[in-house]
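Quick check, what structure comes out for this input:
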Amino acid sequence: MKTVIIGGVAGGASAAARLRRLDETAEIVLLERGDYVSYANCGLPYYVGGVITQKSALTLQTPGSLRRRLNLDVRTGHQALAVRPREKEVEVRDLKQGVTYVERYDNLILSPGAEPVRPPFPGADDPRVFTLRTVPDAYRIEAFIKTDRPRRALVVGAGPIGLEMAENLSHAGLSVTVAELADHAIAPLDADMAADVHLYLRRQGINLLLQNGVESIQPVRGGLHVLLRQGSVDVDMVLLGVGVRPESALARAAGLALSDRGAIVVDGAMRTSDPHIYAVGDVVQSVQYGTGRPVYAPLAGPANKQGRIAADNIAGLGRTYKGTQGTSILKLFDMTVGATGLNESAAGQAGLDCDKVYLLADSHAGYYPGAQSMSVKVLFEKPTGRILGAQLVGFGGVDKRLDVLAAAIRGGMTAEDLSQLELAYAPPFSSAKDPVNMVGFMIENLLEGTVKQFHWQEAAGLLEAGHTLVDVRTPAEYAQGHIDGAVNIPVDDLRGRLDELDPRKPVYVYCQSGQRSYLACRILTGRGFAASHLAGGYRLYASARLGHSPAFRCDGCQ
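Predicted structure coming up:
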């Protein structure tokens, strides 16, 4: 049995290695048009920024190491020109020798990946305009920085690659501007969770321009003049980070079924519309876990798993890929940003009846030195309490809670399950009631009617409608900033000042993060008032609506 694999890196290399472990006698040919068959593309920004200093650290495997360890026929510098499904053969060009030959197969795995989107605006082909997808891309950027010594850079796109490059170009000594066409950075986040990211990036010296795209790039004396939709910037280099598109030209020419955006359509076995051709990685259309909706998710984790599943099915094990949650995590200077599952937009598109809770938590016990803040948003289904998605932004402990919540989503867990999870606790690591447990408690309270909540978008409308809005923080906190029109009755004084409130009217209360306002709601409800509290508190309101973020703590942050 002979399997030909087109493309290495995450999907193709994983498929080749897994297939060999399952079948010692299989003939396995891996074709890679570049010089690198297995490399750490997620580490490329950190090489540019000087965090990773050795070129060898980027190369995970070489053709020689794969040949010696796994007996794979790895051919770098060999480009697949055409796939002929009827004949079950691939036309291949040996780029070094300049010859073309035909390679037959019993099964074929397509793993060509994706290519960076290069928008068609004038000047996009200037040699000082870069993309970052491969090891040679990283080397070109590194060489340009060393030889041309640029001082100013524009990053186009505030997705993960764009922001990682913004950080690392800053580490390399450049003044960095980021232009993003959308109204917020990092598309998997909802805008209210991205607000803290915006504020933090600007505090780190990044000039973040939202709702602003590039119109043209013009070479001028001493650099590049970039005309934006709003204004312009003068820079020495441009990094395009506006996303990727599936590199599916081979599949299209072979007549395989493609999605509207050009991704290869596969079934759960990673099989294409041809029964002898599989596809994996950034070239395929995936299924969104939890909804079954088609989704394009070019991530390394899913690519590795898909490669393994394709190999399993070729070997007769009958595995099924059940979809992607889009779990992702991002380092921005000292900040960590993570997301998994559905955001509000995706939940709405799927027609799910859902709500959300917000939690501002410490990374570990607050009395143990070094606790850092994290902001957590969790979407849940009503009335089941099933966890649908989570977004976290903070400075410590984010990765741990993100992984727990990702596992909870994969397991179909509910708020009750979260509340009863027994997670590791000691003061340096967590609290006895971990933030994940707290999320469960909060959702249970809402579903059981113990408390009602309203969201930051609704606050202004409540006052316009003549409702009572009460700030239950201290007078000092109130003086530092509050929602216009709110009266200040600290929670500790509330029982003694109930006569200041009209029991015939609903009362809407808020505090800094939601904890004191929850208690205030319980006091008011117990005294016959109809009360609701502001989810996420004034901190979220100020960040999402007013553009500043009080009481978001990071040791060492400016």
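
hey, let's count contacts and neighbours off CA atoms from now on
Noted.

State the three-state secondary structure for the spatially most distant residue from the centre of the chain.
Relative to the centre of the chain, the most outlying C-alpha is that of D499, 48.6 Å out, by CA atoms, centre = their mean. Three-state assignment for D499 (DSSP: H, G, I helix; E, B strand; the rest coil): helix.

now K305
Applying three-state DSSP: K305 is helix.

so what's it up against?
Shown in contact with K305 (CA atoms under 8 Å, 6 or more residues apart in numbering): G11, S14, Y321.

how about the last one, phi and psi?
Taking degrees, to the nearest 10, you get phi -80, psi 120 for the backbone angles of Y321.

Which pLDDT value goes with the closest residue to it other than its chain neighbours?
Distances taken as CA to CA, 6 or more residues apart in numbering place G268 nearest to Y321, at 4.9 Å, with adjacent residues excluded. Model confidence at G268, expressed as pLDDT, equals 96.

which phi and psi does the residue nearest in space to the middle of the chain have?
Relative to the mean C-alpha position of the chain, the nearest C-alpha, by CA atoms, centre = their mean, is the one of S328, at 4.0 Å. Dihedral pair for S328: phi -150, psi 150, per degrees, to the nearest 10.

ok, it touching G338?
Yes. If you go by CA atoms under 8 Å, S328 and G338 touch, sitting 5.6 Å apart.

Which residues are in contact with the residue nearest to the centre of the chain?
G338, A339, T340.

so what's the last one bridging to?
When assigned by DSSP bridges, T340 has beta-bridge partners A390.

Tell me how many other residues surround it.
By other CA atoms under 10 Å, 25 other residues sit near T340.

For it, give me its contacts.
T340 makes contact with Q325, G326, T327, S328, G389, A390, Q391, L402, L405, A406 under the criterion CA under 8 Å, 6+ apart.

for the second one, same thing?
Contact partners of A339, counting by CA under 8 Å, 6+ apart, are P188, L189, G326, T327, S328, I329, G389, A390, Q391, L392, L402.

Next up, phi/psi of the last one, please.
I take that to be L402. Torsion angles at L402 (phi, psi; degrees, to the nearest 10) stand at phi -60, psi -40.

Need the nearest residue in space to it, chain neighbours excluded.
The shortest distance from L402 to any non-neighbouring residue, by CA to CA, 6+ apart, is to G338 (6.6 Å).

How about the strand or helix carrying the one you found, which residues are buried there?
For G338, the host element (DSSP states H and E) is strand 335-341. By neighbour count on 16 or more other CA atoms under 10 Å, the buried set for strand 335-341 is M335, T336, V337, G338, A339, T340, G341.

Can you tell me which of the residues you listed is closest to N313?
Among those, G341 lies closest to N313 (CA to CA), at 26.5 Å.

Please verify my assumption that that closest one contacts A297.
No. Under the criterion of CA under 8 Å, G341 makes no contact with A297, lying 11.8 Å away.

so where do the helices sit in the stretch 451-558 of the chain?
459-464, 475-480, 515-526, 537-541 (DSSP state H, counting those that start in this stretch).

same question but for the stretch 201-350 of the chain, I mixed them up
Under DSSP H, counting those that start in this stretch, the stretch 201-350 of the chain gives helices at 249-253, 300-314, 344-349.

can you put the ones you listed in CSV and add mean pLDDT?
Converted to CSV, the helices of the stretch 201-350 of the chain look like this (pLDDT from 0 to 100):
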stretch, mean pLDDT
helix 249-253, 97
helix 300-314, 95
helix 344-349, 95
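
Looking at these, which is nearest to A182?
helix 344-349 (13.9 Å).

So what touches that closest one?
D190, C354, L379, L388.

repeat for stretch 210-223
For stretch 210-223, the external contacting residues (CA under 8 Å, 6+ apart) are 121-124, 156, 179-185, 224-230, 234-237.

for stretch 27-36, the distance to its chain's centre please.
How far stretch 27-36 lies from its chain's middle: 29 Å, per CA atoms, centre = their mean, to the nearest Å.

what's the first-to-last distance across it?
Across its full length, stretch 27-36 reaches 21 Å between end residues, using CA to CA, to the nearest Å.

Stretch 53-73 now?
End-to-end span of stretch 53-73 (CA to CA): 31 Å.

Likewise for stretch 166-175?
Start-to-end span of stretch 166-175 (CA to CA) is 9 Å.

Now do the same contact list for the residue nearest to L402.
By CA under 8 Å, 6+ apart, the residues touching G338 are T327, S328, I329, L330, Q391, L392, V393, V398, D399, L402.

Adding mean pLDDT, mean neighbour count and distance to D312, write the helices of the stretch 451-558 of the chain out as JSON lines.
Shown next, in JSON lines, are the helices of the stretch 451-558 of the chain (pLDDT from 0 to 100; neighbours: other CA atoms under 10 Å; distance: least, CA to CA, whole Å):
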{"stretch": "helix 459-464", "mean pLDDT": "86", "mean neighbour count": "14", "distance to D312": "53"}
{"stretch": "helix 475-480", "mean pLDDT": "96", "mean neighbour count": "12", "distance to D312": "59"}
{"stretch": "helix 515-526", "mean pLDDT": "97", "mean neighbour count": "20", "distance to D312": "49"}
{"stretch": "helix 537-541", "mean pLDDT": "95", "mean neighbour count": "26", "distance to D312": "47"}
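
I am finished for the moment; much appreciated.
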